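1. need the 3D shape of this:
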Amino acid sequence: MKLLFSTLLFALTLTACQQESQYTKLSGNTMGTTYNLTFESNNVSVEELKGAVTQELETINQLMSTYIPDSEINKFNALTNDQCFAFSDATWLVLVAAKDIYHQTNGAFDITVGPLIQRWGFDAAEYNDKVPAEEEVIALKQSVGTEKLRFDYQGQCISKASPELTINLSAIAKGYAVDQIANIMEQFEITNYLVEIGGETKGHGVNLHGFPWRIAVEKPASGIHQQQLLIVALSNNSIATSGDYRNYFEVNGQRFSHTIDPATGYPITHNLTSVSVIHPSNMYADAYATAFSVMGYDRTQQFAQQHQLPIFLVKNEDDRLTTFANELFNKMIIDPSQSNGE
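-> Okay, here's the model as predicted:
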(Lines give C-alpha, C1' and ligand atoms only; values in the text may rest on other atoms or scores of the structure.)
Protein backbone atom coordinates (compact mmCIF):
# COMPACT_ATOMS: atom_id res chain seq x y z
CA MET A 1 0.00 0.00 0.00
CA LYS A 2 2.88 2.34 0.91
CA LEU A 3 4.57 1.58 -2.41
CA LEU A 4 1.36 2.30 -4.33
CA PHE A 5 0.85 5.58 -2.45
CA SER A 6 4.44 6.62 -3.08
CA THR A 7 4.13 5.82 -6.76
CA LEU A 8 0.90 7.81 -7.05
CA LEU A 9 2.42 10.71 -5.15
CA PHE A 10 5.46 10.73 -7.47
CA ALA A 11 3.20 10.61 -10.54
CA LEU A 12 1.05 13.46 -9.24
CA THR A 13 4.10 15.54 -8.36
CA LEU A 14 5.61 14.95 -11.80
CA THR A 15 2.33 15.93 -13.47
CA ALA A 16 2.11 19.08 -11.38
CA CYS A 17 5.67 20.04 -12.34
CA GLN A 18 4.88 19.49 -15.99
CA GLN A 19 1.74 21.62 -15.72
CA GLU A 20 3.69 24.43 -14.05
CA SER A 21 5.98 24.95 -17.05
CA GLN A 22 5.81 28.60 -18.02
CA TYR A 23 6.55 29.99 -21.48
CA THR A 24 7.22 33.65 -22.12
CA LYS A 25 7.16 35.69 -25.33
CA LEU A 26 9.40 38.65 -26.08
CA SER A 27 9.31 40.78 -29.21
CA GLY A 28 10.80 43.96 -30.57
CA ASN A 29 12.36 45.70 -33.54
CA THR A 30 15.79 44.99 -34.96
CA MET A 31 17.69 45.01 -38.25
CA GLY A 32 14.86 46.77 -40.09
CA THR A 33 12.39 44.06 -39.09
CA THR A 34 11.03 42.43 -35.94
CA TYR A 35 12.13 39.66 -33.61
CA ASN A 36 9.96 37.22 -31.65
CA LEU A 37 11.17 34.87 -28.92
CA THR A 38 9.18 32.16 -27.18
CA PHE A 39 10.87 30.17 -24.42
CA GLU A 40 10.37 28.17 -21.26
CA SER A 41 10.96 30.72 -18.53
CA ASN A 42 10.92 28.71 -15.32
CA ASN A 43 13.76 29.89 -13.06
CA VAL A 44 14.82 32.50 -15.65
CA SER A 45 15.20 36.23 -15.08
CA VAL A 46 13.22 37.43 -18.08
CA GLU A 47 14.44 41.02 -17.68
CA GLU A 48 18.05 39.90 -17.55
CA LEU A 49 17.54 37.74 -20.63
CA LYS A 50 15.83 40.60 -22.46
CA GLY A 51 18.75 42.87 -21.63
CA ALA A 52 21.25 40.36 -23.00
CA VAL A 53 19.21 39.90 -26.19
CA THR A 54 18.85 43.64 -26.73
CA GLN A 55 22.55 44.23 -26.23
CA GLU A 56 23.52 41.44 -28.63
CA LEU A 57 21.19 42.69 -31.36
CA GLU A 58 22.44 46.25 -30.96
CA THR A 59 26.02 45.01 -31.23
CA ILE A 60 25.29 43.04 -34.41
CA ASN A 61 23.56 46.06 -35.92
CA GLN A 62 26.49 48.34 -35.08
CA LEU A 63 28.88 45.90 -36.72
CA MET A 64 26.98 44.78 -39.82
CA SER A 65 24.28 47.31 -40.75
CA THR A 66 24.67 49.40 -43.90
CA TYR A 67 22.12 51.87 -42.50
CA ILE A 68 24.31 52.95 -39.57
CA PRO A 69 26.88 55.41 -40.96
CA ASP A 70 29.68 54.42 -38.57
CA SER A 71 29.04 50.66 -38.57
CA GLU A 72 32.03 48.40 -39.01
CA ILE A 73 30.86 47.36 -42.49
CA ASN A 74 30.38 50.96 -43.59
CA LYS A 75 33.84 51.89 -42.37
CA PHE A 76 35.22 49.17 -44.63
CA ASN A 77 32.97 50.25 -47.50
CA ALA A 78 34.28 53.82 -47.21
CA LEU A 79 37.88 52.76 -47.79
CA THR A 80 39.34 53.95 -51.09
CA ASN A 81 42.74 52.29 -50.79
CA ASP A 82 44.11 48.77 -50.41
CA GLN A 83 44.41 48.93 -46.63
CA CYS A 84 43.76 45.59 -44.93
CA PHE A 85 40.81 46.41 -42.68
CA ALA A 86 40.74 44.42 -39.41
CA PHE A 87 37.31 43.07 -38.47
CA SER A 88 35.80 42.09 -35.13
CA ASP A 89 35.48 38.40 -34.33
CA ALA A 90 31.73 38.44 -34.99
CA THR A 91 31.87 40.12 -38.39
CA TRP A 92 34.86 38.03 -39.40
CA LEU A 93 32.94 34.82 -38.67
CA VAL A 94 30.09 36.00 -40.94
CA LEU A 95 32.47 37.12 -43.68
CA VAL A 96 34.31 33.80 -43.72
CA ALA A 97 30.97 31.93 -43.91
CA ALA A 98 29.86 34.23 -46.75
CA LYS A 99 33.02 33.47 -48.68
CA ASP A 100 32.55 29.73 -48.08
CA ILE A 101 28.97 29.86 -49.41
CA TYR A 102 30.09 32.03 -52.35
CA HIS A 103 32.45 29.24 -53.46
CA GLN A 104 29.98 26.43 -52.68
CA THR A 105 27.33 28.08 -54.86
CA ASN A 106 29.71 29.16 -57.65
CA GLY A 107 29.09 32.82 -56.91
CA ALA A 108 25.30 32.74 -56.58
CA PHE A 109 25.64 34.09 -53.03
CA ASP A 110 27.66 37.29 -53.25
CA ILE A 111 27.89 39.90 -50.49
CA THR A 112 29.31 42.47 -52.94
CA VAL A 113 26.28 42.54 -55.28
CA GLY A 114 24.81 45.67 -53.63
CA PRO A 115 25.57 48.14 -56.48
CA LEU A 116 23.60 46.00 -58.95
CA ILE A 117 20.66 45.56 -56.57
CA GLN A 118 20.56 49.29 -55.97
CA ARG A 119 20.70 50.06 -59.70
CA TRP A 120 17.85 47.68 -60.51
CA GLY A 121 15.72 48.94 -57.62
CA PHE A 122 12.76 50.30 -59.55
CA ASP A 123 9.26 49.26 -60.53
CA ALA A 124 7.32 48.97 -63.77
CA ALA A 125 6.29 52.64 -63.83
CA GLU A 126 9.95 53.69 -63.74
CA TYR A 127 11.21 51.12 -66.23
CA ASN A 128 11.60 53.27 -69.35
CA ASP A 129 13.51 55.97 -67.45
CA LYS A 130 15.64 53.74 -65.26
CA VAL A 131 16.47 50.47 -67.01
CA PRO A 132 20.28 50.38 -67.31
CA ALA A 133 22.07 50.05 -70.62
CA GLU A 134 24.19 46.95 -71.18
CA GLU A 135 27.36 49.05 -70.91
CA GLU A 136 26.32 50.30 -67.47
CA VAL A 137 25.64 46.77 -66.21
CA ILE A 138 29.06 45.64 -67.48
CA ALA A 139 30.69 48.57 -65.69
CA LEU A 140 28.88 47.84 -62.43
CA LYS A 141 29.93 44.19 -62.57
CA GLN A 142 33.55 45.35 -62.32
CA SER A 143 32.75 46.37 -58.74
CA VAL A 144 31.12 43.05 -57.87
CA GLY A 145 32.64 39.73 -56.86
CA THR A 146 33.61 38.23 -53.51
CA GLU A 147 36.78 36.92 -55.16
CA LYS A 148 37.91 40.56 -55.31
CA LEU A 149 38.00 40.70 -51.51
CA ARG A 150 41.46 39.69 -50.27
CA PHE A 151 41.15 37.72 -47.04
CA ASP A 152 44.14 37.77 -44.68
CA TYR A 153 43.28 34.98 -42.24
CA GLN A 154 46.26 35.55 -39.98
CA GLY A 155 45.54 39.26 -39.62
CA GLN A 156 41.73 38.75 -39.64
CA CYS A 157 41.47 41.56 -42.16
CA ILE A 158 40.29 42.17 -45.74
CA SER A 159 41.59 44.48 -48.46
CA LYS A 160 39.91 45.48 -51.71
CA ALA A 161 41.13 44.63 -55.19
CA SER A 162 39.07 47.62 -56.36
CA PRO A 163 38.20 50.72 -54.29
CA GLU A 164 34.58 50.59 -55.47
CA LEU A 165 33.96 47.24 -53.77
CA THR A 166 31.41 47.29 -50.95
CA ILE A 167 29.96 44.64 -48.66
CA ASN A 168 26.33 44.08 -47.71
CA LEU A 169 25.57 41.33 -45.19
CA SER A 170 21.78 41.69 -45.22
CA ALA A 171 21.30 38.20 -46.72
CA ILE A 172 23.22 36.46 -43.94
CA ALA A 173 23.28 38.75 -40.89
CA LYS A 174 19.73 37.98 -39.73
CA GLY A 175 20.55 34.27 -39.75
CA TYR A 176 23.69 34.95 -37.74
CA ALA A 177 21.64 37.00 -35.26
CA VAL A 178 19.16 34.12 -34.85
CA ASP A 179 22.05 31.77 -34.02
CA GLN A 180 23.49 34.27 -31.53
CA ILE A 181 20.18 34.72 -29.71
CA ALA A 182 19.86 30.92 -29.58
CA ASN A 183 23.32 30.84 -27.99
CA ILE A 184 22.14 33.33 -25.36
CA MET A 185 19.20 31.04 -24.61
CA GLU A 186 21.66 28.21 -24.02
CA GLN A 187 23.79 30.44 -21.76
CA PHE A 188 20.69 31.05 -19.64
CA GLU A 189 20.22 27.25 -19.54
CA ILE A 190 17.01 27.48 -21.54
CA THR A 191 16.55 24.30 -23.56
CA ASN A 192 13.06 24.91 -24.98
CA TYR A 193 12.89 28.00 -27.19
CA LEU A 194 11.94 29.44 -30.55
CA VAL A 195 13.85 32.39 -32.05
CA GLU A 196 12.56 34.29 -35.08
CA ILE A 197 13.99 37.39 -36.75
CA GLY A 198 12.37 38.66 -39.93
CA GLY A 199 11.00 35.21 -40.74
CA GLU A 200 14.27 33.34 -40.17
CA THR A 201 13.59 30.85 -37.40
CA LYS A 202 15.41 28.45 -35.08
CA GLY A 203 13.77 26.03 -32.66
CA HIS A 204 15.16 23.90 -29.86
CA GLY A 205 13.42 21.44 -27.59
CA VAL A 206 9.63 21.53 -27.36
CA ASN A 207 6.76 24.00 -27.08
CA LEU A 208 4.38 24.54 -24.16
CA HIS A 209 2.44 21.40 -25.09
CA GLY A 210 5.52 19.20 -25.20
CA PHE A 211 5.64 18.94 -29.01
CA PRO A 212 8.43 20.00 -31.37
CA TRP A 213 7.94 23.58 -32.52
CA ARG A 214 5.44 23.94 -35.39
CA ILE A 215 6.47 26.33 -38.17
CA ALA A 216 4.09 27.39 -40.93
CA VAL A 217 5.46 27.57 -44.48
CA GLU A 218 3.36 29.24 -47.15
CA LYS A 219 2.27 26.85 -49.88
CA PRO A 220 0.44 28.33 -52.89
CA ALA A 221 -2.88 26.80 -53.82
CA SER A 222 -4.54 26.83 -57.24
CA GLY A 223 -4.51 30.60 -57.82
CA ILE A 224 -1.67 33.06 -57.77
CA HIS A 225 -3.18 34.93 -54.81
CA GLN A 226 -4.35 31.90 -52.87
CA GLN A 227 -2.33 30.09 -50.29
CA GLN A 228 -2.35 27.41 -47.67
CA LEU A 229 0.16 26.39 -45.06
CA LEU A 230 2.51 23.50 -44.64
CA ILE A 231 3.35 22.77 -41.02
CA VAL A 232 6.94 21.74 -40.35
CA ALA A 233 8.14 20.23 -37.08
CA LEU A 234 11.27 22.13 -36.11
CA SER A 235 13.33 20.82 -33.23
CA ASN A 236 17.05 21.50 -32.84
CA ASN A 237 17.03 22.96 -36.34
CA SER A 238 16.37 26.17 -38.26
CA ILE A 239 14.59 27.33 -41.39
CA ALA A 240 14.95 30.28 -43.74
CA THR A 241 12.87 31.38 -46.73
CA SER A 242 13.81 33.64 -49.63
CA GLY A 243 11.80 34.97 -52.53
CA ASP A 244 8.21 35.99 -52.97
CA TYR A 245 6.18 34.86 -55.95
CA ARG A 246 4.35 38.21 -55.89
CA ASN A 247 7.53 40.30 -55.89
CA TYR A 248 8.04 41.13 -59.55
CA PHE A 249 6.87 43.52 -62.22
CA GLU A 250 6.17 43.20 -65.94
CA VAL A 251 7.01 45.46 -68.88
CA ASN A 252 5.81 44.60 -72.39
CA GLY A 253 5.05 41.06 -71.29
CA GLN A 254 8.53 40.53 -69.80
CA ARG A 255 8.71 39.70 -66.12
CA PHE A 256 11.40 41.29 -63.95
CA SER A 257 12.29 39.85 -60.56
CA HIS A 258 13.86 41.89 -57.77
CA THR A 259 16.48 39.15 -57.34
CA ILE A 260 19.71 39.93 -59.20
CA ASP A 261 22.04 37.28 -60.61
CA PRO A 262 25.62 38.40 -59.82
CA ALA A 263 26.94 36.42 -62.80
CA THR A 264 24.90 38.35 -65.37
CA GLY A 265 24.19 41.60 -63.58
CA TYR A 266 20.53 41.26 -64.57
CA PRO A 267 17.36 40.15 -62.72
CA ILE A 268 16.86 36.39 -62.71
CA THR A 269 14.78 34.96 -65.54
CA HIS A 270 14.09 31.45 -64.22
CA ASN A 271 10.77 30.47 -62.69
CA LEU A 272 11.85 29.57 -59.13
CA THR A 273 10.03 32.16 -57.04
CA SER A 274 10.40 31.00 -53.44
CA VAL A 275 12.63 28.60 -51.52
CA SER A 276 12.73 27.39 -47.93
CA VAL A 277 15.76 25.54 -46.59
CA ILE A 278 16.41 23.80 -43.29
CA HIS A 279 19.88 23.73 -41.73
CA PRO A 280 21.24 23.49 -38.16
CA SER A 281 22.87 26.92 -38.63
CA ASN A 282 20.39 29.67 -39.42
CA MET A 283 23.24 31.77 -40.79
CA TYR A 284 23.84 29.12 -43.44
CA ALA A 285 20.11 28.56 -44.02
CA ASP A 286 19.65 32.30 -44.57
CA ALA A 287 22.48 32.52 -47.09
CA TYR A 288 21.56 29.29 -48.88
CA ALA A 289 17.98 30.49 -49.34
CA THR A 290 19.27 33.65 -51.04
CA ALA A 291 21.69 31.69 -53.22
CA PHE A 292 18.99 29.23 -54.29
CA SER A 293 16.77 32.12 -55.38
CA VAL A 294 19.53 32.98 -57.84
CA MET A 295 20.45 29.44 -58.85
CA GLY A 296 16.99 28.36 -59.97
CA TYR A 297 14.92 25.21 -59.72
CA ASP A 298 17.19 22.54 -61.21
CA ARG A 299 20.50 23.75 -59.77
CA THR A 300 18.93 24.11 -56.33
CA GLN A 301 17.63 20.54 -56.40
CA GLN A 302 21.05 19.26 -57.43
CA PHE A 303 22.83 21.27 -54.73
CA ALA A 304 20.37 20.15 -52.04
CA GLN A 305 20.84 16.51 -53.02
CA GLN A 306 24.62 16.86 -52.99
CA HIS A 307 24.67 18.60 -49.60
CA GLN A 308 21.72 16.71 -48.08
CA LEU A 309 19.64 19.82 -47.40
CA PRO A 310 15.86 19.73 -46.83
CA ILE A 311 14.26 22.17 -49.30
CA PHE A 312 10.79 23.34 -50.32
CA LEU A 313 10.50 25.14 -53.69
CA VAL A 314 7.78 27.17 -55.40
CA LYS A 315 7.97 27.84 -59.14
CA ASN A 316 5.76 29.80 -61.50
CA GLU A 317 4.82 28.23 -64.82
CA ASP A 318 2.51 30.42 -66.89
CA ASP A 319 1.01 31.97 -63.74
CA ARG A 320 0.47 28.51 -62.28
CA LEU A 321 2.33 27.94 -59.06
CA THR A 322 3.67 24.46 -58.36
CA THR A 323 5.68 23.18 -55.42
CA PHE A 324 8.37 20.65 -54.70
CA ALA A 325 9.62 19.28 -51.39
CA ASN A 326 12.49 16.83 -51.38
CA GLU A 327 12.40 13.68 -49.26
CA LEU A 328 14.34 15.29 -46.39
CA PHE A 329 11.85 18.15 -46.18
CA ASN A 330 8.84 15.86 -46.50
CA LYS A 331 9.98 13.97 -43.41
CA MET A 332 9.53 17.17 -41.39
CA ILE A 333 6.02 18.00 -42.62
CA ILE A 334 3.20 17.13 -40.23
CA ASP A 335 -0.57 16.93 -40.65
CA PRO A 336 -2.04 20.30 -39.56
CA SER A 337 -4.86 18.45 -37.80
CA GLN A 338 -2.25 16.82 -35.60
CA SER A 339 -0.49 20.10 -34.85
CA ASN A 340 -0.61 21.17 -31.22
CA GLY A 341 0.33 24.74 -30.40
CA GLU A 342 3.26 26.69 -31.74
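2. for the record, mean pLDDT for stretch 110-118?
-> Confidence for stretch 110-118, expressed as mean pLDDT, is 93.
3. looking at this structure, which helix or strand is least sure?
-> Using mean pLDDT, DSSP states H and E, helix 2-19 stands out as the lowest-scoring helix or strand of the chain, at a mean of 40.
4. next helix or strand past that helix?
-> strand 23-30 (DSSP states H and E).
5. what's the average pLDDT for whichever helix or strand comes after that following strand?
-> Using DSSP H and E, the helix or strand that follows strand 23-30 towards the C-terminus is strand 33-40. Taken as a whole, strand 33-40 carries a mean pLDDT of 97.
6. what do you get for stretch 301-313?
-> On average, stretch 301-313 scores 97.
7. work out the gap between it and the centre of the chain.
-> Remark: stretch 301-313 is offset 16 Å from the chain centroid, using CA atoms, centre = their mean, to the nearest Å.
8. kindly report the same for stretch 67-82.
-> 23 Å.
9. now that stretch: buried residues?
-> 71-74, 76-77, 79 (16 or more other CB atoms under 10 Å). C-beta here means a position set from N, CA and C on the backbone, and glycine is covered the same way.
10. with those in mind, which one is nearest to Phe303?
-> Phe303 has its nearest neighbour among the buried residues of stretch 67-82 in Ile73, at 27.4 Å by CB to CB.
11. quick one: that closest one and Tyr67 touch, right?
-> No: under the criterion of CB atoms under 8 Å, Ile73 makes no contact with Tyr67, lying 10.1 Å away.
12. number of residues surrounding Asn61?
-> Using other CB atoms under 10 Å, Asn61 is surrounded by 17 other residues.
13. show the subsequent helix or strand relative to the helix or strand hosting it.
-> Following DSSP H and E, the helix or strand that holds Asn61 is helix 46-64. Downstream of helix 46-64, the first helix or strand assigned by DSSP H and E is helix 72-77.
14. name the residues that touch that next one?
-> Helix 72-77 has contacts (CB atoms under 8 Å, 6 or more residues apart in numbering) with 62-66, 68, 85, 87-88, 91, 158, 166-169.
15. again, only using 10 Å
-> Residues outside helix 72-77 that contact it (CB atoms under 10 Å, 6 or more residues apart in numbering) are 62-69, 71, 83, 85-88, 90-92, 94-95, 111, 114, 149, 157-160, 164-170, 173.
16. pretty sure Val131 sits against Phe256.
-> Yes: using CB atoms under 10 Å, Val131 makes contact with Phe256 at a distance of 8.9 Å.
17. so the two - more neighbours on which side?
-> Between Val131 and Phe256, counted using other CB under 10 Å, the more crowded position is Phe256 (19 against 14).
18. can you give me the buried ones in the helix or strand harbouring that one?
-> Per DSSP H and E, Phe256 falls inside strand 254-257. If you call a residue buried by 16+ other CB under 10 Å, then strand 254-257 has these buried ones: 256-257.
19. now that strand: average pLDDT?
-> Rounded mean pLDDT across strand 254-257 is 73.
20. cool, and stretch 267-282?
-> Stretch 267-282 comes out at a mean pLDDT of 93.
21. skipping adjacent residues, who's closest to Ile158 in space?
-> Among residues not flanking Ile158 along the chain, Leu149 sits closest, at 5.2 Å (CB to CB, 6 or more residues apart in numbering).
22. count the neighbours of the one you found for me.
-> 20.
23. who's it bridged to?
-> Going by DSSP bridges, Leu149 is paired in beta bridges with Lys160.
24. test my guess that it contacts Asp82.
-> No: between Leu149 and Asp82 there is no contact under CB under 10 Å: 11.4 Å.
25. where do the contact lists of the two overlap?
-> Common neighbours of Leu149 and Asp82 (CB under 10 Å, 6+ apart) are 159-162.
26. now do the helices in the stretch 51-200 of the chain.
-> For the stretch 51-200 of the chain, helices defined by DSSP state H, counting those that start in this stretch occupy the ranges 72-77, 89-104, 114-119, 127-130, 134-141, 173-187.
27. of those helices, which is nearest Asp335?
-> Asp335 lies closest to helix 173-187 among the helices of the stretch 51-200 of the chain, at 27.0 Å (CB to CB).
28. tell me what the closest one is packed against?
-> Here helix 173-187 touches strand 23-30, strand 33-40, helix 46-64, helix 89-104, strand 193-197, strand 200-204, strand 237-242, helix 282-295, going by 3 or more CB pairs under 10 Å, 6 or more residues apart in numbering; DSSP states H and E.
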